[in-house]
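Novice: The sequence isn't on hand, but the structure is:
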């Protein structure tokens, strides 16, 4: 029997952070991240994975937001990982953070290692096969949280198709076109 794959409109999250988008991209991304954190419970997650972690800002955000979690960041760029290591030096030494330079389509983690994977405004840069690998390293009932600014990269419909193709069977679309935010929560069944 084939798995049922559902994509639903997740509706409006119960918690919104006030303020309207402003021209400053850094401030707008901060608002986007705060909004995305309201889409699914994250603070109770113990094993968080950030694919395409770049210089480490998203890793730092999740270390702060998930105080009991161990957060792993992966990026194919050695320069990005070195920058993240400098910023997260203390968290690495405390064992709360692990940073790995690796292609996203060949993740160096065992299967079913993480409860939450977060694509923070970067899914448009993922190579073919990356979402299948993310699916592999998520535990059963694991969550993929994808958020991005609209118009930055791939269209939302293409992102949703890729998530379904990777194997996720329960997908909720919380996107907010008024703010220009894409927000998708997908669950591994």
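Specialist: Looks like it arrived, so ask away. What you see is a predicted model, and the numbers here were worked out from it, not measured in a lab. Numbers count the residues shown, from 1 in each chain.
Novice: Let me know the average pLDDT across the top helix by length along the chain.
Specialist: Criterion DSSP state H: the longest helix present in the chain is helix 25-37. The predicted model gives helix 25-37 an average pLDDT of 82.
Novice: before we move on, what about stretch 135-146?
Specialist: Stretch 135-146 comes out at a mean pLDDT of 96.
Novice: Can you list the buried residues in the longest helix of the chain?
Specialist: Buried residues in helix 25-37, counted by 16 or more other Cβ atoms under 10 Å: 28-29, 31-33, 35-37. Any C-beta I mention is one placed from the backbone N, CA and C, and that applies to glycine too.
Novice: So residue 78 sits against residue 101, correct?
Specialist: Yes: judged on Cβ atoms under 8 Å, residue 78 makes contact with residue 101 at a distance of 5.0 Å.
Novice: Those two - which one has more neighbours?
Specialist: When neighbours are counted by other Cβ atoms under 10 Å, residue 78 and residue 101 differ, and residue 101 comes out ahead with 17 against 9.
Novice: Would you point out which residue is most central in this structure?
Specialist: residue 118 (1.4 Å; Cα atoms, centre = their mean).
Novice: Helix, strand or coil: sort out it for me.
Specialist: Secondary structure assignment for residue 118 (DSSP: H, G, I helix; E, B strand; the rest coil): strand.
Novice: Heading C-terminal from the longest helix of the chain, find the next helix or strand.
Specialist: Sequence-wise, the next helix or strand downstream of helix 25-37 (DSSP states H and E) is strand 47-51.
Novice: Name every strand pairing with that following strand and say which way it goes.
Specialist: strand 70-75 (parallel), strand 114-120 (parallel) (DSSP bridges).
Novice: pLDDT below threshold where in the protein?
Specialist: Scanning the chain with the threshold set as pLDDT under 70 gives 1-25.
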